[in-house]
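> no letters, just coordinates:
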Ligand code: GLV
């Protein structure tokens, strides 16, 4: 019988994923579903590991790789992998896999929820009622911005961005997108039009960010970009916080351009109740829950487990990050 490879798992995952791992591997884990593994435990945990299953909360850098001399495979339960030093992995020939596709529609749904909530002041309305502030109905009470029939601009038209654009079609919107380069197939399928970032910001009523965090995209939204947006526009970020210069977004929202924002991701997570964004009425914030539906999180965990088992046993998986 073949020896089972040793793996280290940085969090207790849903049972179906743990079962797959236990069947094929000798598993060590940080046995906590909620609290991220402390750094020293991570460095100790990987010492014997041939495989590592990690999350977006784990910084997998050269120090971790050096502490794991037997490591052959890293599987992240996420689509984004900006927390992983890919050069350090490549230098050792370690394979990285992620969990794309299974979270696309769930994340696009959250982008849409934030867009509608920010445009129609859903959370502000809830808070008004909660504090007993709902007086008589009046014509301009809690008026917001329309989304139906307006212009949607998606920055980063990968899988999630395309799913967001499809939702825009259902809302009768004119569709714009910005990417590193134009995508004729996407234009043919969705009738979306490529724009430079500046033109997209100036023309869109709703801007939704779904681009990955890279050296190129870090800090791409700051005062200069917000100044280009319409004073009625809504800004939504479901990608990664560091794409946005948060202090400049706070100043822009305070000045009313963009009109409102819906944010699921932040420069440094988690944020606390003293965060400057929470002083603003025109924001809707969620705690990095883009992919957080029951079915999707279980599917991501099982896919991350399947990916790790496949790489360690020399089987093909389509989810190798190249
Ligand atoms: C979550 O942020 C992910 O990248 O899957």
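That came through fine. As the structure is a computational prediction, the values presented were derived from the model and not from experiment.
> from now on I want contacts and neighbour counts done on CA atoms only, so please keep to that.
OK.
> give me every residue in this protein lying close to the ligand.
Within the chain, the positions near the ligand by Cα under 6 Å from any ligand atom are 78-80.
> ranges for the helices of the stretch 201-322 of the chain?
223-226, 246-255, 294-312 (DSSP state H, counting those that start in this stretch).
> in the first one, what's buried?
So the one you mean is helix 223-226. Of all the residues in helix 223-226, those buried under the rule 16 or more other Cα atoms under 10 Å are 223, 225-226.
> helices or strands up against it?
If you count contacts as 3 or more Cα pairs under 8 Å, 6 or more residues apart in numbering; DSSP states H and E, helix 223-226 packs onto helix 197-203, helix 246-255.
> where's residue 268 relative to the ligand, distance?
13 Å (Cα to the nearest ligand atom, to the nearest Å).
> residues contacting the nearest residue to that residue once chain neighbours are set aside?
Once flanking residues are discounted, residue 268 sits nearest to residue 241: 7.3 Å by Cα to Cα, 6 or more residues apart in numbering. By Cα atoms under 8 Å, 6 or more residues apart in numbering, residue 241 lies in contact with 265-268.
> possible to save those as TSV with pLDDT and neighbour count?
Formatted as TSV, the contacts of residue 241 follow (pLDDT from 0 to 100; neighbours: other Cα atoms under 10 Å):
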residue	pLDDT	neighbour count
265	98	24
266	98	22
267	98	15
268	97	10
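> among those residues, which one sits closest to residue 318?
Of all those, residue 318 sits closest to residue 265, with 27.4 Å by Cα to Cα.
> now that closest one: closest residue in space that isn't a chain neighbour?
Using Cα to Cα, 6+ apart and skipping the chain neighbours, the partner closest in space to residue 265 is residue 241 (4.6 Å).
> swap in residue 26?
Spatial nearest neighbour of residue 26, chain neighbours left out: residue 6 (4.7 Å); criterion: Cα to Cα, 6+ apart.
> tell me the confidence at the one you found?
At residue 6, the predicted lDDT confidence score is 98.
> next, the contact list for it, please.
Counted by Cα under 8 Å, 6+ apart, residue 6 has contacts 25-28, 48-51.
> which ones among those lie within strands?
Among the contacts of residue 6, the members found in strands (DSSP state E) are 26-28, 51.
> highest neighbour count among the residues you listed?
residue 51 (28 neighbours; other Cα atoms under 10 Å).
> my guess is that one contacts residue 71. True?
Yes. With contact defined as Cα atoms under 8 Å, residue 51 counts as touching residue 71 (5.7 Å).
> all strands for the chain, in order.
Assigned by DSSP E, the chain shows strands spanning 6-9, 26-29, 51-54, 73-76, 95-97, 151-155, 174-178, 193-194, 206-209, 234-237, 260-263, 283-285.
> adding distance to residue 137, write those out as a markdown table.
Conversion of the strands of the chain to a markdown table gives the following (distance: least, Cα to Cα, whole Å):
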| stretch | distance to residue 137 |
| --- | --- |
| strand 6-9 | 54 |
| strand 26-29 | 56 |
| strand 51-54 | 51 |
| strand 73-76 | 50 |
| strand 95-97 | 54 |
| strand 151-155 | 30 |
| strand 174-178 | 33 |
| strand 193-194 | 41 |
| strand 206-209 | 28 |
| strand 234-237 | 25 |
| strand 260-263 | 23 |
| strand 283-285 | 23 |
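> please list all residues in contact with the nearest residue to residue 320 once chain neighbours are set aside.
Once flanking residues are discounted, residue 320 sits nearest to residue 97: 4.3 Å by Cα to Cα, 6+ apart. Counting by Cα under 8 Å, 6+ apart, residue 97 touches 73-76, 304, 307-308, 319-321.
> circling back: can you tell me which of the helices and strands packed on helix 223-226 comes nearest to residue 314?
helix 197-203 (42.0 Å).
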